[in-house]
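Peer 1: structure for this input, please:
(one chain, ligands or ions: 3)
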Amino acid sequence: MAKTILEVKNLKKYYTQSKGLFSSLRGNVGIIPAVDDVSFYIKEKETMGLVGETGCGKTTIGKTLLKLAPATSGEIIYDGTDITHLSSREFYPYRKKMQMIFQDLDAALNPKMRIRSILKEALTVHHKLSKAELKYRIDDLLEKVNLKKNKLSNFPNELSGGEKRRVGIARALAVGAQFIVADEPTSALDVSIQAQVVNLLKDLQKTLGLSYLFISHDLRIVELISHKVAVMYLGQIVEMGMAGLIANEPRHPYTDILWSSLVDKKSSEVNRSNEENKKAGGGGFDFERPLEGCRFAPRCPVYYSKNKPDICTDPSSSPTLRDIGDAHKVACHFPL
Ligand SMILES: Nc1ncnc2c1ncn2[C@@H]1O[C@H](COP(=O)(O)OP(=O)(O)O)[C@@H](O)[C@H]1O
Ligand code: SF4
Ligand SMILES: [Mg+2]
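Peer 2: Ligands and ions are numbered 1, 2, ... in the order given. Next up is the predicted model:
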């Protein structure tokens, strides 16, 4: 059986934010529980998809795993070692194995460097290479990510979106990545190019044995590439299971809504929930959101169809992830 490459236990990442100039002068700050008690594991050569609306905490999970932002509490275990509290020096050997492909195509690549220099920098950051080795490694990288040789002399702004993304992937490989957090790697790309990027990541996984945390707000893309999927809402995982189950038998009302917004299932419940969604202003945090009881209640069609059962909003009975069989977990008092 494949070994577990990454295990995350009860991870929390809270940000503090002032509620406005005057309240900040009075020292009145709000806590944003961007990631609030999240646990999961990823096996070698496995892809876990992380899906949810903008602002639900996906990028924060990725950054916290890679120690680009310190965890508030919880444990991050990489290949058997608890890396949560390692110093930068102790984390150094892990930094090359754990890489992030950032969402913003343009911010990710230095606009003043030619592609050759970008790859060279990544290849030599941890290793000294001779000229001949460097040429061999660059050619090898180009082949791996299907990028033409003549692009090496280009600057990033001379490349298409798909090509920039390939350079980003090549750079992660150059450093020596084994585990990659791919943060919305297909956003801002045309549909046909999205499929190419997904296929490239899948091929690289097969040939190089990579593991991925694949982040997207688009459940269709996530299902294409992931072995298992976690659905996030306001800092918490509300449903998790094999990709096929999440796609075909979603049990949390929120996952169902994510699908219906794509598939356009026009049930009255969904329409009602979309109205609630608009009122509630999407999936991000604000200080009016319920952080006790079920966070999804204000938008939940089941909650309304059952005449607002107290258990859904009772602070002492927040729904937690329960296994409902076949390693399918749901955090809901009334799963579909
Ligand atoms: N550096 C930060 N300081 C304060 N709040 C932040 C910071 N980064 C993210 N957040 C907040 O944390 C929440 C989750 O953000 P993020 O992880 O970027 O969500 P997603 O990637 O799912 O869109 C949001 O409410 C966001 O505003
Ligand atoms: S616990 Fe209640 S409010 Fe929350 S998702 Fe389930 S039915 Fe909806
Ligand atoms: Mg994000």
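Peer 1: distance of the spatially most central residue of the chain relative to residue 86?
Peer 2: By CA atoms, centre = their mean, the chain has its centre lying nearest to residue 215, at 3.0 Å. Residue 215 is 23 Å from residue 86, where distance means CB to CB, to the nearest Å. Any C-beta I mention is one placed from the backbone N, CA and C, and that applies to glycine too.
Peer 1: contacting residues for the residue nearest to residue 216 when sequence neighbours are not counted?
Peer 2: Leaving aside its sequence neighbours, residue 216 sits nearest to residue 222 (CB to CB, 6 or more residues apart in numbering; 5.0 Å). By CB atoms under 8 Å, 6 or more residues apart in numbering, the residues touching residue 222 are 49-51, 214, 216, 229, 243.
Peer 1: over to residue 210?
Peer 2: The contact partners of residue 210, taken as CB under 8 Å, 6+ apart, are 45, 177-180, 201, 204.
Peer 1: what's the domain layout of this protein?
Peer 2: 4-113+168-248, 249-336 (automatic domain parsing).
Peer 1: most neighbours among the contacts of residue 210, please name it.
Peer 2: Using other CB atoms under 10 Å as the neighbour criterion, residue 180 leads those with 26 neighbours.
Peer 1: which strands border the one helix or strand that one maps to, and is each parallel or antiparallel?
Peer 2: For residue 180, the element it lies in under DSSP states H and E is strand 179-183. Each strand paired with strand 179-183, and its direction, by DSSP bridges: strand 98-101 (parallel), strand 211-216 (parallel).
Peer 1: which helix or strand lies directly C-terminal to the lowest-mean-pLDDT helix or strand in the chain?
Peer 2: Across the helices and strands of the chain, mean pLDDT, DSSP states H and E gives its lowest value to helix 268-280, namely a mean of 46. Sequence-wise, the next helix or strand downstream of helix 268-280 (DSSP H and E) is helix 301-305.
Peer 1: so which bits of the very next helix or strand once past that next one are buried?
Peer 2: Counting by DSSP H and E, the next helix or strand C-terminal to helix 301-305 is helix 310-313. Under the neighbour-count criterion of 16 or more other CB atoms under 10 Å, helix 310-313 has 312-313 buried.
Peer 1: measure the residue in the stretch 51-200 of the chain that ligand 2 sits nearest to to residue 108 for me?
Peer 2: Nearest residue of the stretch 51-200 of the chain to ligand 2 (CB to the nearest ligand atom) works out as residue 52 at 13.9 Å. According to CB to CB, residue 52 and residue 108 sit 22 Å apart.
Peer 1: the two: who's more crowded?
Peer 2: Remark: of residue 52 and residue 108, residue 52 carries more neighbours, 26 against 18, as counted by other CB under 10 Å.
Peer 1: what number of residues are in the vicinity of the residue lying closest to residue 68 once chain neighbours are set aside?
Peer 2: The spatially closest residue to residue 68, leaving aside those adjacent along the chain, is residue 100, at 7.1 Å (CB to CB, 6+ apart). Burial measure for residue 100: 22 neighbouring residues, criterion other CB under 10 Å.
Peer 1: can you give me the helices for this structure?
Peer 2: Remark: helices assigned in the chain by DSSP state H are 21-25, 58-65, 88-97, 105-108, 115-124, 131-144, 161-175, 191-208, 219-225, 243-248, 253-263, 268-280, 301-305, 310-313.
Peer 1: least confident of the ones you listed, on average?
Peer 2: Looking at the helices of the chain, the lowest mean pLDDT belongs to helix 268-280 (a mean of 46).
Peer 1: enumerate the residues of the stretch 1-150 of the chain near ligand 1.
Peer 2: For the stretch 1-150 of the chain, the residues in contact with ligand 1 (CB under 6 Å from any ligand atom) are 15, 17, 32, 34, 52, 54-60.
Peer 1: still on that earlier bit, test my guess that the residue nearest to the centre of the chain contacts residue 184.
Peer 2: Yes - taking contacts as CB atoms under 8 Å, residue 215 lies within contact range of residue 184: 5.8 Å.
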